[in-house]
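Trainee: coordinates for the following, if possible.
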Amino acid sequence: MFGNIGDELTKQTGAQMFNRFKPQMQALSQVVAQRERAQLEHAQRLADASNADVSVDELPDIEARAAQLETMAERASQADLVGWYFEEFAPDHLDNPEKAVAYAGLNDDEWQNQKEAWAKNYRSTSPEAEAYSDEDLAGLHVENTFGVPLEEFEANVVDFRPSEAIQDVLTTNLRTVEAVMATVAEDMEGEA
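Mentor: As a prediction, the model looks like this:
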């Protein structure tokens, strides 16, 4: 009971703080989105000017990226990064994110029990399932339900940690720039 009250107070206090600094956050999000876009454009120019087999897959829309950063910061201030991740970010990467959230951050024992439960369910409804391991049946279930391989589901859902999600979202465009630069550098070094 008291835990729920404390969680609600944290969310309310965080929301109040975020609202107080919202204009600054909007400005900061715009600056970051603009600089990321400029860096990605320069990375693409560098790739085009070289013989390296690399390119920037997609140039993000500045307004959409700024909104993504702002929403992430707002939800972080409300201690709701799990909700943000599965509402805003995960839908681009897996099917049924609203169902996937139930498996976010499971510990090893909980995850093993879940895979065993899925396997048991498959075996109870299909005699052919007896020939497959728990891992195989869990992989089948995840692929059919969430549209991704088991390993990807484990990495992005089961092993979900809010701090890592923030880092991933904040650095995704920077990692792209770094990858282009590294590939071009390797290509140029090979020509020397």
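Trainee: quick one: the helices in the chain?
Mentor: Here the chain has its helices, by DSSP state H, at 2-20, 22-49, 62-77, 81-84, 97-100, 108-125, 134-146, 150-153, 162-191.
Trainee: what angle separates the longest one from helix 62-77?
Mentor: Same thing as helix 162-191. For helix 162-191 against helix 62-77, the angle by axes from the mean of the first three to the mean of the last three CA atoms, to 10 degrees is 140 degrees.
Trainee: elements contacting helix 162-191?
Mentor: For helix 162-191, the packing partners by 3 or more CB pairs under 8 Å, 6 or more residues apart in numbering; DSSP states H and E come out as helix 22-49, helix 62-77, helix 81-84. To be clear about C-beta, it is placed using only N, CA and C from the backbone, and glycine gets the same treatment.
Trainee: circling back: how about JSON lines for the helices of the chain, with distance to residue 56 and mean pLDDT added?
Mentor: Converted to JSON lines, these look like this (distance: least, CB to CB, whole Å; pLDDT from 0 to 100):
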{"stretch": "helix 2-20", "distance to residue 56": "32", "mean pLDDT": "59"}
{"stretch": "helix 22-49", "distance to residue 56": "4", "mean pLDDT": "94"}
{"stretch": "helix 62-77", "distance to residue 56": "14", "mean pLDDT": "89"}
{"stretch": "helix 81-84", "distance to residue 56": "26", "mean pLDDT": "83"}
{"stretch": "helix 97-100", "distance to residue 56": "26", "mean pLDDT": "92"}
{"stretch": "helix 108-125", "distance to residue 56": "35", "mean pLDDT": "96"}
{"stretch": "helix 134-146", "distance to residue 56": "28", "mean pLDDT": "96"}
{"stretch": "helix 150-153", "distance to residue 56": "23", "mean pLDDT": "94"}
{"stretch": "helix 162-191", "distance to residue 56": "6", "mean pLDDT": "90"}
